[in-house]
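Q: need coordinates for the below:
(2 chains)
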Amino acid sequence: MPPDPDEPDEAVPATELSLGGPERAVLGALRSAGPLPVEEEALPTRTDLSIEAVRGALQRLRSKGLANVEEEHREVLTLTPRGVRAQAIGLPERRMLQILGGHTAPMGPTDLEAAGLPAEERSAAIGILRRRGFLADGIPFRLRDGHPDVALPFPEETALRSIHDDQVAPDDSAVKDLRRRGLVEVGHLTTKRWTPSDEGRAAVLLDDSKLLGTLSTVSLRDGSWKGQEFRPYDVRAAVPYVTGARPHRYAAWLREFEEILLGLGFEQGEGPLLETEFWDCDVLFMPQHHPARSIHDVFGVVGVEGKLPPAALLERVAAVHEGRALPGEAAPITPGWKAPYDPEVARHLVLRSQTTSVSARYLANHPTPPFRMFCLDRNFRVESVDATHHIDFTQCEGILGGEGTNLRDLVGIFRALADAIGIRDLRIRPSYFPFTEPSVEGYVKHPRLGWIEVFPGGMFRPEVLRPLGIDVPVAAWGIGVMRLAMVSLGVSDIRELFEDDLERLTGGPR
Amino acid sequence: MPRATIPRARLAKALGRDLPDAELRDLLWSTKAEFDGPEGGSLVLEATADRLDLLTESGLALALAPKVGGAHGLVPIRSAPWSGPAPQLLVDPSVAGVRPAIAGAIVAAPESRPLDAGLLDEAIRFQELLHATYGAQRKRASIGIYPTDRFQFPVRYTTRPVDDVRFVPLDGTVEVGGRAFLAAHPLAARYGSLGVAGERMLVLLDRDDQILSVPPILNSRGAGEARPGDRSLLLESTGATVARVREMIGLLSLVFVANGWSVAPVETVGGPADREGGAVVATRRLELPLATLDALAGRTFTTPEAEHLLAQSRLGAHPIPGGFTVEVPPWRPDLLTAVDLAEDVVLARGLRAEDGVVPPSPTRGRRRTESVFRREVADLLLGLGYAELYTPVLVGAEVDALLAPSGAIRVANPVSDLYSHVRNRLLPSLLTSLAHNVRHAYPQRMYEVGPVIVADPGSETGGRTLVRAGILLAGERFGFADGAALLDYLTGAMGAVGVREPLEIPGTIRGRAARLRLAGESIGEVGELHPSVLTELRVPVPAVWAELDLSALWPLVRRAEAA
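A: Predicted coordinates:
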């Protein structure tokens, strides 16, 4: 915390002190206070100073050995949004118990889902109930004969309630479990309590009114400084530290990453964040019924409507979806998705779920090879925000295309990118994207997280390229650069990439 | 990715040996499946959405066998003899508006090995997985399994008045009426709407009017309950399109064919799949030109090498001049064209990072000039001591309410109130950060150069994505003039001079907010924040906000430069 830009104070014998105004006031307050120590937050009212001025004065008094501080650090447990939900409607394992208890017949996964236990909560609930002897083996699920008493609360429930009620959670292992499951998080509180030191108590505060303090423009102009004694400063005393603006760590990292792509000969591209499903999915040969297009994965918007692309392009894309020949051609290039193509779906608006739409728009507008384009930008997907997921995520989209472009070129680009950010260990494995074939995923090794996937890509399918009028192979990728940034910046929680704490953004050395 | 838990012992039995966890993980690295870990006596697996077959022990064993010295090549689909009335599915026109498509096939056990509990369990698990994924929660297709010795062909796919339907549900013991079933059964609550039209509901009846199932909800207990010991089963699928229901059956047939069961066709009579029944569980043929394979992979494959790799992929390879005719089993609907086959070959050979070659660049890297312009503005703000922010584009309902009416586009399906609106100014993001920093010293200076989305009914995407520079200054003595001066400074540095005009901006003090105009365009806004906003956010000092629309300013600056 920066102290007031007050002048430093002069050096005096230990028992005779000349102090600046705020220090004099704060030391006075400490000396005249009743019970000691005094909490830092109580001093502004006793000194009529701002908390910032009080803090600056206390630091200076401490550096002069006139005041002592005791710090109490406390961990404070709070419920995450998911924790709040669990507290309100019950932990998944409790809800599963209640559902099974309310049905005589065993229940399959879909029954559980129908009864309100979605798949993402089911696995955890099943694991816990199996470990604790409530569930019989096998599917469909049923309670085990002789299972423990369902009326007894789980330790996690007790802990969750205690944390919700701001009480001490009784079971440490239960708290650990809740933290691991992302239901509880830990914050830190520091309380500072101050007392005057023996020297601070005994010191005699000198009357220094005859010494010249701050040199002012007035005294310079009228020469009143002449013949005066200057109050000497303690040049060893702590001074205010300078805080300055800095580029945001993640934003700066993104700009560095852009430089790598520029160095590899890529041109920068850009596209809209609010996008029609035509460009977000259809043109990429993603079937209109693809589960990744559902409201569980992609954000829709309210109150605005999209428009269809030019009719000729719409017809070409509809043809590959329906497995028809492209206009002017005799035979279909693909069996397609064997379902009618719906233009109403095509004009539906979503928050862009992948920067691949930027590549598609680029190819539509620049149909002449060679292609080397990248777009490092935001996308949005429906996620529970936690240490590894965020609704607002950055992808580095890229395309590389021309005569002879192939999968080895794509892997070569992955290698070049990994090398450029200092990652040696790269592995490639198969993957799946509706718009590329072959599809691959590059993994890099994180010192703590192990192998993590960061380089998804592949060769654009003919069903993507041909409707856009492209007749050469095009490699494409959409790199999860947030993970790469986490590796590179040594960050283990994705939320830290959105850091907005000004002390950390502007503070001391990194 | 889709996920499944399969019994370890059944995989071991199918492969002839148990695979230790580490070996399984290694082997799966080169496939589209992934081993998440053991869970009791089971294995938890994930697979990419195109390879659901790998989430069964039979499908996984087929894929792994060539890697552990076992069988390779296409699994033969043997024909089952069939005696008795011709197996037919008769489609009544009344289903057309509800769920028009149906297809079926019969699978018959080897003489010595009737259905056992393990195989039945595998089939049911796969059935549920297909319902949830390929069937889109049964909306696009659902699938049923019936023992052929407990009903009589022909089977009729039709509708009946809800009150005329009576059957014992698969998980019940008492006969119920259609209306009571639809009202009370949890599966009916979830899927009932897919099989009901007005006062009629879908039914599958046998020759004697016995109900096999009420698609796509549930089978009946008698004719619709497969049990260990059964020797012959009808696989039936209903759904929206013929292609999808046939693929569903093709996928489910995997667990039977891989275990030595044979297949007999079931003819569909009427409906969109009229008389197409014979080919439901059968291989199909695709061509793979070697030139396509070589071009995609970036290397040359010999015919014997490609043939071997196709066999490793459990496909049937028949060399022809210049490539192959490839026989594809019905549980691989992911294979559409030659590029899909090429991928299988490439994966069977193995993907290696060392194979990557950085291609020489025929182009020069180029940053967008507009992007350079944005960076210049950001650098000016850094120089003035403003901290750079990088915040989410989605902002919270609470902060949006403080700025009402904000005009921000609302998210239709927000995950939480913290991310419920799409910012149309950077102001809500800056305010959120200001609120996060109330414990810190003032003055506080922050900025973000980032995107916003402004609703625009005339645009193709219903809105325009604009990049703005948002600035916030909070501290004693700061007010409107400080913000306005900042805008003047920034525009001046870019060689432009804007004119301020009064504007009411929600969240600012009336009379202390303005719009900045240049050449008739609005290029910025500035305002002193209203105390009600500050107190709501517990900000103890005055604050002023300014925002420059870089997307609007850039063309004006460029035009001026060109002139």
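
Q: how's the chain carved up into domains?
A: Reading this off chain A. Using automatic domain parsing, the domains assigned to chain A come out as A:1-80+A:183-241, A:92-153, A:251-275+A:352-498.

Q: let me rephrase: I mean chain B.
A: Taken from automatic domain parsing, chain B resolves into B:3-68, B:88-278, B:284-350, B:369-562.

Q: wondering if the helix or strand bottoming out on mean pLDDT in chain B reaches chain A at all.
A: Least confident helix or strand of chain B, by mean pLDDT, DSSP states H and E, is helix B:550-562 with a mean of 87. No: Helix B:550-562 lies out of reach of chain A by Cβ under 8 Å from any Cβ of the partner chain, never closer than 10.5 Å. Where you see a C-beta, it was placed from the backbone N, CA and C, and this is true even at glycine.

Q: A:Val218 - how many residues pack around it?
A: Counted with other Cβ atoms under 10 Å in any protein chain shown, residues neighbouring A:Val218 total 9.

Q: I'd say B:Gly16 and B:Leu64 touch.
A: No: the criterion here is Cβ atoms under 8 Å, and B:Gly16 misses it with B:Leu64 at 10.6 Å.

Q: which neighbours do those two share?
A: Both B:Gly16 and B:Leu64 are contacted by B:Gly70, under the criterion Cβ atoms under 8 Å, 6 or more residues apart in numbering or on different chains.

Q: when those two are compared, which one has more neighbours?
A: B:Leu64 (21 against 12).

Q: which SSE is the more buried one in?
A: Assessed by DSSP states H and E, B:Leu64 sits inside helix B:57-64.

Q: the stretch 201-350 of chain A: strands as residue ranges?
A: Remark: strands assigned in the stretch 201-350 of chain A by DSSP state E, counting those that start in this stretch are A:204-205, A:267-268, A:274-276, A:301-302, A:349-351.

Q: just send those strands back as CSV, with mean pLDDT, distance to chain B and mean neighbour count too.
A: Output for these, formatted as CSV (pLDDT from 0 to 100; distance: least, Cβ to the nearest Cβ, whole Å; neighbours: other Cβ atoms under 10 Å in any protein chain shown):
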stretch, mean pLDDT, distance to chain B, mean neighbour count
strand A:204-205, 75, 27, 12
strand A:267-268, 94, 4, 20
strand A:274-276, 97, 4, 27
strand A:301-302, 96, 4, 18
strand A:349-351, 97, 5, 25
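
Q: in chain A, what helix or strand scores lowest on average pLDDT?
A: Scanning chain A with mean pLDDT, DSSP H and E, the lowest is strand A:16-17, at a mean of 67.

Q: burial measure for the spatially closest residue to A:Pro367 that is not a sequence neighbour, as a count.
A: Leaving aside its sequence neighbours, A:Pro367 sits nearest to A:Gly469 (Cβ to Cβ, 6 or more residues apart in numbering or on different chains; 4.8 Å). When neighbours are defined as other Cβ under 10 Å, A:Gly469 has 14 of them.

Q: mind checking pLDDT for A:Gly469?
A: A:Gly469 is assigned 96 on the pLDDT scale.

Q: I'd guessed it sits against A:His366; true?
A: No: look at A:Gly469 against A:His366 with Cβ under 8 Å: they stay out of range, at 10.6 Å.

Q: next, format the domains of chain B as a markdown table and append distance to A:Glu113.
A: Shown next, in a markdown table, are the domains of chain B (distance: least, Cβ to Cβ, whole Å):
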| stretch | distance to A:Glu113 |
| --- | --- |
| domain B:3-68 | 14 |
| domain B:88-278 | 7 |
| domain B:284-350 | 25 |
| domain B:369-562 | 18 |
